[in-house]
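Asker: sequence first, then the predicted structure, then my questions.
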Amino acid sequence: MKRFLSFAMAGIFCFSCQPKTSDPEPKPLLLPIIGTWQLETGTLIEKGDTTVTDYSKDKSFIKIINASHFAFLLHDLNKAKDSTGIFSAGGGRYTLVDDKYIEHLEYCSDRAWEGHDFEFTLTVTEDTFIQRGIEKIESEGIDRINIEKYKRVKN
């Protein structure tokens, strides 16, 4: 009996000295939208009129998304110094629940857009990100559907 207890105690001691086999501390889940995105096309539907803008020719528009914030930058590619030159920027916090993405625009080069929330439905497949939603700013008379198609910028 003493021999059995000795073996049992030795076994318990050996098992208690084993390294911890459980997973390390869990890492936060990275959302599929985190990264840098290049806008390819933008479609605006307003009062029955549809305008499609190709952002791969004379403009460049990127959106940068981290775990809590987004930012966007737009400029012309011809580096114009006259009225054809454009630059726009903005950003703020966002929330994402399932496919509902809401941008809380806190900063914008067009100040009339600041302080507004814009709700979009997202579709993310591999390196493509599409957001579709309504942009509405009553004070500016803006009420339109906005559909933007982005491609992930590769490192």
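Answerer: In hand now; what should we look at?
Asker: and the residue lying closest to A112 once chain neighbours are set aside, how many residues sit next to it?
Answerer: Nearest residue to A112, sequence neighbours excluded (Cβ to Cβ, 6 or more residues apart in numbering): E140, at 5.1 Å. For the C-beta atoms, the positions are set from N, CA and C on the backbone; glycine is no exception. If you count neighbours by other Cβ atoms under 10 Å, E140 ends up with 12.
Asker: how long is stretch 96-114 from one end to the other?
Answerer: Terminal residues of stretch 96-114 are spaced 20 Å apart (Cα to Cα, to the nearest Å).
Asker: in it, what's buried?
Answerer: L96, Y101, E103, L105, C108, W113 (16 or more other Cβ atoms under 10 Å).
Asker: where does this protein dip in pLDDT?
Answerer: 1-31 (pLDDT under 70).
Asker: do that again at 90, thanks
Answerer: Applying pLDDT under 90 to the chain flags the ranges 1-32, 56-58, 77-85, 126, 139-140, 155.
Asker: which residues in it form strands?
Answerer: 35-46, 49-54, 59-65, 69-76, 87-97, 100-108, 116-125, 128-137, 142-152 (DSSP state E).
Asker: what angle do the longest one and strand 128-137 make?
Answerer: Strand 35-46 runs at 50 degrees relative to strand 128-137, counting by axes from the mean of the first three to the mean of the last three Cα atoms, to 10 degrees.
Asker: just checking, what packs against strand 35-46?
Answerer: strand 49-54, strand 59-65, strand 142-152 (3 or more Cβ pairs under 8 Å, 6 or more residues apart in numbering; DSSP states H and E).
Asker: same thing with the fifth one?
Answerer: Taking 3+ Cβ pairs under 8 Å, 6+ apart as the contact definition, the neighbouring helices and strands of strand 87-97 are strand 69-76, strand 100-108.
Asker: pull up the pairing partners for that strand, direction included.
Answerer: strand 69-76 (antiparallel), strand 100-108 (antiparallel) (DSSP bridges).
Asker: I45: which of these is closest?
Answerer: strand 100-108 (18.7 Å; Cβ to Cβ).
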